[in-house]
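**Q** I'd like to go over a predicted model; first the sequence, then the structure.
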Amino acid sequence: MNNRKRIVWILNNLIWFLLLLVVLLFALLSDRFFMPMNLTNILLHSTVLGILVVGQSFVLITGNFDLSSESTLGLSALLGAWLILPKGAPTFGGGLLLSPYIGIVAILLIGLAIGWFNGFLITRLKMNNFIVTLAMLLMVRGVMMPITAGNTMARLPDEFKFLGAASFGPIPVAVIAMVIAFAVGYIILQFRPFGRSLYAVGGSPDAALAAGIDPDRRIRQAYLISGVLAAVAGLMLAGRSGVIVQNMGKGDIFEVMAACVIGGISLNGGRGSMFGAFGGVLLLSTINSGLSLLRISTFWIEIASGLIILIAMLIDSQKIRYISSQVVPLTKLEKKPSAEAVSGD
Amino acid sequence: MVASDSPFVVQMQDIVKMFPGVRALDHVNFELKPGELRSLVGKNGAGKSTLMNVLAGIYQPEEGKIYVNGQLIHPMTTERARQLGIAFVHQHSQLVPALSIAENIFLGNPLTGGSGFMAWKRLNDEARKRLNTLGLEIDVERKVEDLTVAEKQIIEIAKALFANAHTIILDEATAPLPKDEVNMLFDFVRRQSQQGVAFVYISHYIEEVFELCEVVTVMRDGQIVGDYKVANLDQAELIRLISGTRVEQFHRESRNGSGKTVLEIHGLNRPGFYQDIDLVIHEGEVLGLTGLEGCGKANLARGLYCLEPLGKGQVVLNGKPYHPDEPEAALDAGVAYLPRDRHGMGIVGMRPVGENVTFSILKRLTSRFGLLDTGRERKHILSFVEKLGIKTPSVNQPVEFLSGGNQQKVVFAKLVSAEPRVLFLDEPTQGVDVQAKVEIMKIIDQLSRQGVSSVIVSEEIREMLDVCDRILVMYNGAIVAEFKVGDPNFAAEKILMAVEGEREAL
């Protein structure tokens, strides 16, 4: 019995063992891997992905997708900057010259607005979440183009760059923000009635409804969270790169989904934890950084990422098979509490 | 098929099937004659499904022999079982829902008429003709998803017969079927058995065993208890054989409590579902609400819990108007509902037992900063697991791995956690074994002693007689009869007559 529990525990925390394995492997292959520079870099490059993953996890646990978050990231940062930057080259702003703080608030509001609209279409108009957010992914990205006529916005103010570029001593603000986001996300999912009810919604919306939980309201709230965190990720990425380009964040959604899935968040809803998702983010960033450290061409990095997803899924399906094959039937349990049995009925 | 002298179409000898640590089948012998209608009963885990899975080649036994038409078959595989004419019709339909009946019948064997395109007319004509030979007049162009559960089972049996099956294992749906559907299915099964097709009917509903079969095989703990002629048995005797111990038939000491009114309904109307409903529920009362499928009884219960529109009328709970707009508000006002569809609405199968108990009361278990007090939550869960006798290896076990009866107790724990004044219980004993049924009745009784009223919405009249203070009968959306405990009319036959709409019963 104890043995069984240990196996299940290892299976549930496999992501951290994988991470350890990958770290050891890279450390053996490259003596530069353990240099502080490199470790900070890994963390720094996981921040934007991490913030997106926190938001996405809320939506995935309710059994929905938010494919639009990478576009939300782009549009919110672009519009926020547009409000505060002067017209013409090289800033390409709107010439409104508003305070950077108003710009930051605007960024968050745009994220909320897109999240609200997603939730509205999905729960009120009963449209399919995959298609709705896919359409939003395209539309929101498309809206970015005419605003700056395709130009790159530069010279962002320092307030704007604080989240992405500043650091406290050796620790970048972005890393602190990501860790806080995961910690708060963890607390909400484990210890807030709201977070816990998301699992019921994802596990069985009808059962949630019958238990006095309004699944549609929870789904709308999850999209709001995803939207606003995508906007935060946009501010962070803008700060880090110092400029805003048309295709910022483009294609990130694949990495977001990969990190979530590797971290054990079920795409069918109802399963997964922030802790695992954090591991997923770190694993992906470590692989990316390690492979580039070894000067391996990018196509290998992409193949490796795809492979990792497949391996994670394989482990997950085998885990569920293992756990359900180890179920002790209760009629037998009464008589022989120690029997490790499987029932056929 | 090989002709033989064996009087048995199927013979299983000394079958032993081991699962890690458990002898799921312990030297089981099972025989079946052509055209026989055999019922196979037993508690969950007794081994009945395992035995049939061995026969159908899904499980390989460790020991024992299987003969089909007198010929030793080793090993039995699903492929061989199918070739030899053994078909397993599972609880959950194996038909493709989006395709028509005709398409399903010819699935994997499409009639293209040589043109490479579907020959729709020929397909439909051929399907109709084949079904006619079985005495079925069905619109073959209907989609399978629009069929009732019984109709789907009939189509599956028909499909098996077209593939020359002579032995059909029928795993009964966990949810009770409406009476007319059951009749339709049983008529069909009886006719086929007269043609020489043998049926094994794995059943949970004892009444149906008595209706359909001549011989019932009882299993317990992986062994055959015996084969019994249904004619020589009564229900109590069969229940005793299934459970192994003499289950005391639960009889509730009737007390009507304080007689204080808790819920009052006046002139409630929902066109198309029910009309002019007047109803008073007293504190601690156990009220039965019965009637045919579609009489409006379930809609009324679901309406009062905001899962359906309630319609127009006056509803008063504890002296205050009761107008909740969503289940959460109903729960806060003191009304709880146990859904009929346990898997779909009662439990969140993949989540642990503990979470399922507290889902509806999370708000009440918070302390500082609105965070859950997990210590208090755990105490709450453990106390309910103990109080209701939920058997689970751990409160972290996903509910889907518990037995039906224990799952239902988890749902009860969830409802009772919310401290309701009135409980609506839609078919509370469905899909649970006999012992769990008695335990559920005891829970209802205990709640009643604490002043909680229960409304049991059910077609299981015999069970309701054991526990209810009062039984109301609905017919076509109206309450047509009332039976009180102690009345000479408080009897199954009288209530059944009212259920069927015979007014003389009153």
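**A** Looks like it arrived, so ask away.
**Q** okay, now the unreliable bits of the stretch 1-150 of chain B?
**A** Per-residue confidence for the stretch 1-150 of chain B (pLDDT under 70) gives these ranges: B:1-4, B:20-22, B:44-45, B:109-114.
**Q** let's see that with 80 instead.
**A** The model of the stretch 1-150 of chain B has pLDDT under 80 over residues B:1-5, B:19-23, B:43-45, B:91-92, B:108-119.
**Q** what segments of it are helices?
**A** In the stretch 1-150 of chain B, helices defined by DSSP state H, counting those that start in this stretch lie at B:48-55, B:78-83, B:101-105, B:120-133, B:149-162, listed in chain order.
**Q** now the ones you listed in a markdown table, with mean neighbour count and distance to B:Tyr322?
**A** No exception for glycine: its C-beta is placed from N, CA and C like everyone else's. Converted to a markdown table, the helices of the stretch 1-150 of chain B look like this (neighbours: other CB atoms under 10 Å in any protein chain shown; distance: least, CB to CB, whole Å):
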| stretch | mean neighbour count | distance to B:Tyr322 |
| --- | --- | --- |
| helix B:48-55 | 25 | 44 |
| helix B:78-83 | 15 | 55 |
| helix B:101-105 | 23 | 45 |
| helix B:120-133 | 16 | 50 |
| helix B:149-162 | 21 | 34 |
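**Q** closest to A:Gly142 out of those?
**A** Closest of those to A:Gly142 is helix B:101-105, at 42.2 Å (criterion: CB to CB).
**Q** can you give me the pLDDT of B:Val485?
**A** With respect to pLDDT, B:Val485 has a value of 88.
**Q** scratch that, A:Pro329 is what I was asking about
**A** As predicted, A:Pro329 sits at a pLDDT of 44.
**Q** B:Arg470 too?
**A** 93.
**Q** same thing with B:Leu300?
**A** We have a pLDDT of 96 for B:Leu300.
**Q** and it, what does it touch?
**A** Counting by CB atoms under 8 Å, 6 or more residues apart in numbering or on different chains, B:Leu300 touches B:Leu268, B:Phe273, B:Tyr274, B:Ile277, B:Leu289, B:Val457, B:Met474.
**Q** so which of the helices of the stretch 1-150 of chain B gets nearest A:Met313?
**A** helix B:78-83 (27.6 Å).
**Q** quick one: distance of the closest one to the chain centre.
**A** 29 Å (CA atoms, centre = their mean, to the nearest Å).
**Q** which SS state does the residue nearest in space to the middle of chain A fall under?
**A** With distances taken as CA atoms, centre = their mean, the residue of chain A nearest its centroid is A:Val53 (0.6 Å). Classification of A:Val53 using DSSP: H, G, I helix; E, B strand; the rest coil returns helix.
**Q** surely it touches A:Ala277?
**A** Yes - A:Val53 is within contact range of A:Ala277, at 5.3 Å (criterion: CB atoms under 8 Å).
**Q** tell me, what's touching these two both at once?
**A** Residues touching both A:Val53 and A:Ala277 (CB under 8 Å, 6+ apart): A:Ala259, A:Cys260, A:Gly263.
**Q** most neighbours among those residues, which one?
**A** A:Ala259 (31 neighbours; other CB atoms under 10 Å in any protein chain shown).
**Q** give me the number of residues near the closest residue in space to that residue that isn't next to it in sequence?
**A** Residue nearest to A:Ala259 in three dimensions, not counting chain neighbours: A:Gly280, with 4.0 Å by CB to CB, 6 or more residues apart in numbering or on different chains. When neighbours are counted by other CB under 10 Å, A:Gly280 registers 32.
**Q** tell me the secondary structure at A:Gly280.
**A** On the basis of three-state DSSP, A:Gly280 is classed as helix.
**Q** on that earlier part again, reformat the contacts of B:Leu300 as CSV; add pLDDT and distance to chain A.
**A** Formatted as CSV, the contacts of B:Leu300 follow (pLDDT from 0 to 100; distance: CB to the nearest CB, whole Å):
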residue, pLDDT, distance to chain A
B:Leu268, 96, 21
B:Phe273, 92, 19
B:Tyr274, 94, 21
B:Ile277, 95, 22
B:Leu289, 96, 18
B:Val457, 95, 14
B:Met474, 94, 22
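**Q** quick check, nearest of the residues you listed to B:Ala329?
**A** Closest to B:Ala329, out of all of the contacts of B:Leu300 and judged by CB to CB, is B:Leu268, at 18.0 Å.
**Q** quick one, what contacts that closest one?
**A** Applying CB under 8 Å, 6+ apart, we find B:Leu268 in contact with B:Tyr274, B:Asp276, B:Ile277, B:Asp278, B:Leu279, B:Leu300, B:Leu310, B:Gly311, B:Lys312, B:Gly313, B:Gln314, B:Val315.
**Q** any of the residues you listed buried? List them.
**A** B:Tyr274, B:Ile277, B:Leu279, B:Leu300, B:Leu310, B:Gly311, B:Gly313, B:Val315 (16 or more other CB atoms under 10 Å in any protein chain shown).
**Q** where's the fourth one, which helix or strand?
**A** Using DSSP states H and E, the secondary-structure element containing B:Leu300 is helix B:297-304.
**Q** run the chain-centre distance for that helix.
**A** How far helix B:297-304 lies from its chain's middle: 19 Å, per CA atoms, centre = their mean.
**Q** which is the next helix or strand following that helix?
**A** strand B:312-317.
**Q** quick check: neighbours of that following strand in the sheet, parallel or antiparallel?
**A** When pairing is defined by DSSP bridges, strand B:312-317 lines up against strand B:261-270 (antiparallel), strand B:320-321 (antiparallel).
**Q** point out the residues in the stretch 101-250 of chain B that sit beside chain A.
**A** Contact residues, the stretch 101-250 of chain B versus chain A (CB under 8 Å from any CB of the partner chain): B:Asp221.
**Q** now the residue in the stretch 101-250 of chain B that chain A sits nearest to: closest residue in space that isn't a chain neighbour?
**A** For the stretch 101-250 of chain B and chain A, the shortest gap (CB to the nearest CB) falls at B:Asp221, measuring 8.0 Å. Spatially, and ignoring its direct neighbours in sequence, B:Asp221 is nearest to B:Ala46 (6.5 Å; CB to CB, 6+ apart).
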